[in-house]
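Q: heads up, no residue letters with this:
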């Protein structure tokens, strides 16, 4: 496999390189309208096997597709030692009710790790245009969300990216965490969705949305561990 060959050859270098794997549709779970795996199981399995084997040289996986911003470090039922940050970037289109936005991240060599190409990530920001606020008032406004400052999620410390359970269970600000309902739009969305649309949505057929959301962040596969998380 091409990726495996590149990573294997890299280990022969006197000073191996560090990698960021970038893709549009990332492996893992999608909580939109129930749960589904983004990739076919056999392809997910192949990629996770490679990531686990070479994760000392893979510092970040980057994806998109869901039109929301997320920071994950999913566990795998099959590859229990895997631990690589997964950065999901937001979209410029509002087609799925997200605020248009973009993500910025500064990357530099980590001077604290001598004689390596180890990378350091800083200033991760999710910039979102406050669309509902603009439609109501005609005022153009942007909001910046800092996952590290606001939620303690640090790409340089993988352990922080698995502390979702406490955060999600004690927070009603899931929109801000995703990066699509932040800043001044919070007031508009809370009024419409918090008291009208969302209660009807939950009563209709989606009372398990919160554990579904949380467990989709925590796992790669829709297997027994995911189902146990849901319970």
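A: Right, received. Where do you want to start? Remember, predicted model here, so these are calculated numbers, not experimental data.

Q: max-length strand in this protein?
A: When the chain is parsed with DSSP state E, its longest strand is strand 119-129.

Q: Which SSE is immediately downstream of it?
A: Once the chain leaves strand 119-129, the next helix or strand it forms, by DSSP states H and E, is helix 131-137.

Q: Return the set of buried residues in that next one.
A: Buried positions in helix 131-137, judged by neighbour count with 16 or more other CB atoms under 10 Å: 131, 132, 133. C-betas here are computed from N, CA, C, even on glycine.

Q: rewinding a little: what's the longest strand of the chain in contact with?
A: By CB atoms under 8 Å, 6 or more residues apart in numbering, the residues outside strand 119-129 that reach it are 18, 20, 59-60, 69, 71, 87, 90, 98-112, 140-148, 155-156, 179-180, 182-183, 185.

Q: Ok, stretch 13-29 next?
A: Residues contacting stretch 13-29 (CB under 8 Å, 6+ apart): 3, 7, 10, 35-39, 43-44, 47-48, 51, 54, 57-65, 72, 74, 86, 88, 107, 115-119, 215-216, 219-222, 226.

Q: So which bits of that stretch are buried?
A: For stretch 13-29, the neighbour count (16+ other CB under 10 Å) marks 16, 18, 19, 21, 26, 27, 28, 29 as buried.

Q: Sort out for me which of these are in strands.
A: Going by DSSP E, the strands hold 19, 21, 29 from those.

Q: so after the lowest-mean-pLDDT helix or strand in the chain, what's the next helix or strand?
A: Every helix and strand of the chain was ranked by mean pLDDT, DSSP states H and E. The lowest is helix 198-205, at a mean of 45. Once the chain leaves helix 198-205, the next helix or strand it forms, by DSSP H and E, is helix 209-218.

Q: Now do the helix or strand following that next one: distance to the chain's middle.
A: Following helix 209-218 in sequence order, the next helix or strand is helix 224-230 (DSSP H and E). Taking CA atoms, centre = their mean, to the nearest Å, one finds the center of helix 224-230 at 19 Å from the center of the full chain.

Q: same check, this time on stretch 216-231
A: 16 Å.

Q: after the longest helix belonging to the chain, next one along is what?
A: For the chain, the helix that runs over the most residues, judged by DSSP state H, is helix 41-53. Counting by DSSP H and E, the next helix or strand C-terminal to helix 41-53 is strand 58-63.

Q: Buried by neighbour count: which residues of that following strand qualify?
A: Residues 58, 59, 60, 61, 62, 63 are the ones in strand 58-63 that count as buried (16+ other CB under 10 Å).

Q: Specify the beta-bridge partners of the fourth one.
A: Yep, that's residue 61 we're talking about. residue 21, residue 86 (DSSP bridges).

Q: okay, residue 3: pLDDT?
A: In this prediction, residue 3 carries a pLDDT score of 96.
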